[in-house]
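Peer 1: Just the structure for this:
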Amino acid sequence: MEESKKIKRFLDSVHGYIVIPDTYCKKIIDTVYFQRLRRIEQTSGRSIFPSARHDRFIHSLGVFHLGCQILCTIINTINDKLKQDKEYVFKSYELACLLHDIGHSPFSHTFEDYYGSEYCNDDDHNLCKILTDLINDETFTKECNKIVKKTPHEFMSAIIVVSKFNNVIDECKGNVELVARMIIGCPYEDKDAKSFDNAFIDLIHGDVIDADGLDYVSRDSWASGYSTAKVDIERLVSSIRVSLDKEGHYQVCFTPKAINEISKVLEVKTFQQSNVIYHHTVVYDQNLLIEAMKSAAAYHLDMNALTVDERTNALCKLCTVKTMTEEVRLHKENIPLIHPMDDDYVSLMKYNLADKYISQWFSRQYKLKPLWKSQAEFYSQFEVLRDKKLEKTSWIFSEECRQFLAAKFDMAEEDIWICEATPKYRGKFADKVLIKVNDEAIPYENLLPADRNSYTQDVQPFFYIYIDGSRIDRKGEMMRVLNEEIKKYVFNTKTKVERQ
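Peer 2: Purely as a prediction, here's the structure:
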């Protein structure tokens with residue numbers, strides 16, 4: 001058998017056998033960068049779903065598997081000329097599916113903002129500039145800088161792809177820049193020449209219906225054990241098309257048989273956002289883990305990190321492109337850090353078990369308790385805020401509120417946490433998904449206008465407030481006091497905007 005035709009099979013509990021070319025196995029999967037994904041949790045939900053022990057390694061294989069199925073469906077529904085001209089797109093798409101999480105930070109998404117510029121504004125954390133300097137193309141730089149949401153783990157993955165797998169991608173007949181664009185979600189502005197390429201960027205970096213999203217929709221529910229809608233992935237994938245719009249540009253659309261499965265995907269995604277990712281226990285556990293790692297970073301860097309900014313700066317020094325690719329010595333104990341995984345962070349914390357955050361995270365004896373446990377409970381407690389538009393700067397979510405509670409109930413400010421729990425999904429999905437009916441692409445939401453509430457979420461900013469657990473018996477009194485204090489502030493009325 002020719003080298004290029006050799007394959008390996010991976011048995012997956014979700015998709016069955018996943019078939020991968022031997023070349024990809026030798027040159028990508030069997031590298032230290034890809035193997036580290038075995039030791040990085042897929043989700044942050046194990047604090048409430050202990051069976052969710054799946055990792056970014058098998059997720060990446062699953063995304064590759066679904067990407068190949070999507071590719072097969074599309075290739076079978078386009079003309080031969082297009083198949084020949086766009087071979088580089090198909091190869092790039094396969095490689096992007098496999099490599100899309102190669103630079104993921106430890107513990108799912110918990111630490112990724114510390115790798116980017118959210119908290120650190122130096123050159124080591126300007127991932128966009130690092131990537132554009134590597135690719136060194138004026139058009140790419142301009143279009144990359146226009147991306148509104150620059151997700152750190154995506155940029156880190158693209159950086160590793162360009163810096164460490166450039167030659168492999170060339171050998172496999174892919175396009176390195178296109179692979180990077182697919183991973184970070186950077187479409188070409190030249191739609192006349194590149195709309196087909198852009199369609200495949202959507203198929204790995206779309207809102208919900210893409211290879212990445214379809215894998216974790218099915219995998220996360222399987223591993224976690226929670227009960228929600230079961231999506232027929234095979235039926236959904238078989239309905240995907242890439243076709244021309246009225247302007248002659250290629251677009252992703254679906255046949256009508258996908259409608260029920262699209263609705264199920266939205267149901268699962270909504271459930272995951274409200275009941276898993278932003279569950280009050282998960283939010284607290286992740287914030288606790290961050291504080292514990294700040295303490296560990298300060299210890300190992302031998303920093304007197306007493307202030308909030310100093311503790312944040314210490315953690316940022318561990319979260320860089322350099323630690324992902326080169327050995328960095330942490331001088332307190334002369335420990336090497338390279339290709340960081342969950343295990344590395346756990347090990348670093350164990351050197352300082354007396355720290356109040358580290359000991360609390362390891363024991364799970366949570367010191368703080370939430371004043372409310374869901375958005376529904378929040379509004380039932382604060383009737384005065386119903387029909388009001390809240391902002392991140394609203395008093396109830398502000399530092400001023402934290403100081404008010406501390407003074408009023410004689411609590412230490414450090415024992416009051418206000419943690420964001422705003423769903424990241426913005427409800428734009430139904431505007432973008434197209435269903436092809438009688439050769440016309442119709443927005444999904446137009447087909448089911450009466451069912452609009454099933455896919456449009458209330459995405460007002462929302463936060464939990466956690467207080468010293470020894471004072472939780474005064475919760476009722478605290479809620480009454482907060483209700484009275486809120487009346488001193490002005491909130492805009494939330495108005496409903498109807499679509500034209």
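
Peer 1: what's residue 176 in contact with, if anything?
Peer 2: Residues in contact with residue 176, defined by C-beta atoms under 8 Å, 6 or more residues apart in numbering, are 135, 161-162, 166, 169-170. Quick note: C-beta positions are derived from backbone N, CA and C, even for glycine.

Peer 1: how about 7 Å then?
Peer 2: If you count contacts by C-beta atoms under 7 Å, 6 or more residues apart in numbering, residue 176 has them with 162, 166, 169-170.

Peer 1: tell me the pLDDT at residue 467?
Peer 2: Reading off the per-residue confidence, residue 467 sits at a pLDDT of 97.

Peer 1: Correction: the previous question concerned residue 440.
Peer 2: Confidence for residue 440, expressed as pLDDT, is 85.

Peer 1: what about it, distance to residue 82?
Peer 2: Noted for residue 440: a distance of 21 Å to residue 82, by C-beta to C-beta, to the nearest Å.

Peer 1: how deep is residue 78 tucked in, by neighbour count?
Peer 2: Residue neighbour count, defined by other C-beta atoms under 10 Å, stands at 15 for residue 78.

Peer 1: mind listing what the nearest residue to it once chain neighbours are set aside touches?
Peer 2: The shortest distance from residue 78 to any non-neighbouring residue, by C-beta to C-beta, 6 or more residues apart in numbering, is to residue 242 (6.8 Å). Taking C-beta under 7 Å, 6+ apart as the contact definition, residue 242 lies against 74, 78, 196, 199, 250, 252.

Peer 1: sorry, back to before: now rank the contacts of residue 176 by neighbours and give me the top one.
Peer 2: The most neighbours of any of those, using other C-beta under 10 Å, belong to residue 169, which has 24 neighbours.

Peer 1: that older thread, out of residue 440 and residue 82, which sits in the busier spot?
Peer 2: Using other C-beta under 10 Å, the more surrounded residue of residue 440 and residue 82 is residue 82, with 15 against 11.

Peer 1: Quick check: that one is in a helix.
Peer 2: Yes - inclusion of residue 82 in a helix is indicated when DSSP: H, G, I helix; E, B strand; the rest coil is applied.

Peer 1: got a pLDDT number for it?
Peer 2: Note on residue 82: pLDDT of 90.

Peer 1: For it, which non-adjacent residue is closest in space?
Peer 2: Using C-beta to C-beta, 6+ apart and skipping the chain neighbours, the partner closest in space to residue 82 is residue 196 (7.4 Å).

Peer 1: ok but the one you found is inside a helix, no?
Peer 2: Yes - applying three-state DSSP, one finds residue 196 inside a helix.

Peer 1: Number of residues surrounding it?
Peer 2: Applying other C-beta under 10 Å, I find that residue 196 has 19 neighbouring residues.

Peer 1: next one: residue 224
Peer 2: Using other C-beta under 10 Å as the criterion, the residues surrounding residue 224 number 22.

Peer 1: do you know how far it is from residue 13?
Peer 2: Taken as C-beta to C-beta, the spacing of residue 224 relative to residue 13 amounts to 13 Å.

Peer 1: Please give the element, helix or strand, for the closest residue to residue 413 other than its chain neighbours.
Peer 2: Excluding its sequence neighbours, the residue lying closest to residue 413 (C-beta to C-beta, 6+ apart) is residue 406, at 4.6 Å. For residue 406, the host element (DSSP states H and E) is helix 399-408.

Peer 1: What is the neighbour count of the spatially closest residue to residue 42 that is not a sequence neighbour?
Peer 2: Leaving out its chain neighbours, the residue that sits closest to residue 42 by C-beta to C-beta, 6+ apart is residue 54, at 4.7 Å. Residue 54 is flanked by 21 other residues according to other C-beta under 10 Å.

Peer 1: Residue 54 contacts residue 225, doesn't it?
Peer 2: No - counting by C-beta atoms under 7 Å, residue 225 is not a contact partner of residue 54; they are 11.5 Å apart.

Peer 1: Now the spatially most central residue of the chain: which helix or strand?
Peer 2: Computing the C-alpha centroid of the chain and ranking residues by C-alpha atoms, centre = their mean puts residue 109 first, at 6.1 Å. Here residue 109 sits in a region with no helix or strand, counting by DSSP H and E.

Peer 1: List the buried residues for stretch 223-241?
Peer 2: 223-224, 226, 228-229, 231, 233, 236-241 (16 or more other C-beta atoms under 10 Å).

Peer 1: cool, stretch 187-199 as well?
Peer 2: By 16+ other C-beta under 10 Å, the buried positions in stretch 187-199 come out as 187-188, 191, 194-199.

Peer 1: any idea how far residue 418 is from the residue nearest to residue 413?
Peer 2: As defined by C-beta to C-beta, residue 406 lies at a distance of 12 Å from residue 418.

Peer 1: before we move on, what about residue 493?
Peer 2: The gap separating residue 493 from residue 418 is 24 Å, by C-beta to C-beta.

Peer 1: now swap in residue 367 and tell me
Peer 2: In this structure, residue 367 and residue 418 are 15 Å apart, going by C-beta to C-beta.

Peer 1: Tell me which stretches of the stretch 301-450 of the chain form strands.
Peer 2: Using DSSP state E, counting those that start in this stretch, the strands of the stretch 301-450 of the chain run over residues 328-330, 335-337, 368-370, 388-389, 417-420, 434-437, 440-443.

Peer 1: can you list these in a markdown table and add distance to residue 44?
Peer 2: Below are the strands of the stretch 301-450 of the chain laid out as a markdown table (distance: least, C-beta to C-beta, whole Å):
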| stretch | distance to residue 44 |
| --- | --- |
| strand 328-330 | 25 |
| strand 335-337 | 22 |
| strand 368-370 | 17 |
| strand 388-389 | 29 |
| strand 417-420 | 13 |
| strand 434-437 | 32 |
| strand 440-443 | 33 |
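
Peer 1: all helices of the stretch 1-150 of the chain, in order?
Peer 2: 22-24, 32-35, 56-75, 80-85, 87-99, 112-115, 127-135, 138-145 (DSSP state H, counting those that start in this stretch).

Peer 1: how much does the last one deviate in direction from helix 127-135?
Peer 2: Here helix 138-145 points in a direction 170 degrees away from that of helix 127-135 (axes from the mean of the first three to the mean of the last three C-alpha atoms, to 10 degrees).

Peer 1: Out of the helices of the stretch 1-150 of the chain, which gets nearest to residue 392?
Peer 2: Each of these was checked against residue 392 via C-beta to C-beta, and the shortest separation belongs to helix 112-115, namely 15.4 Å.
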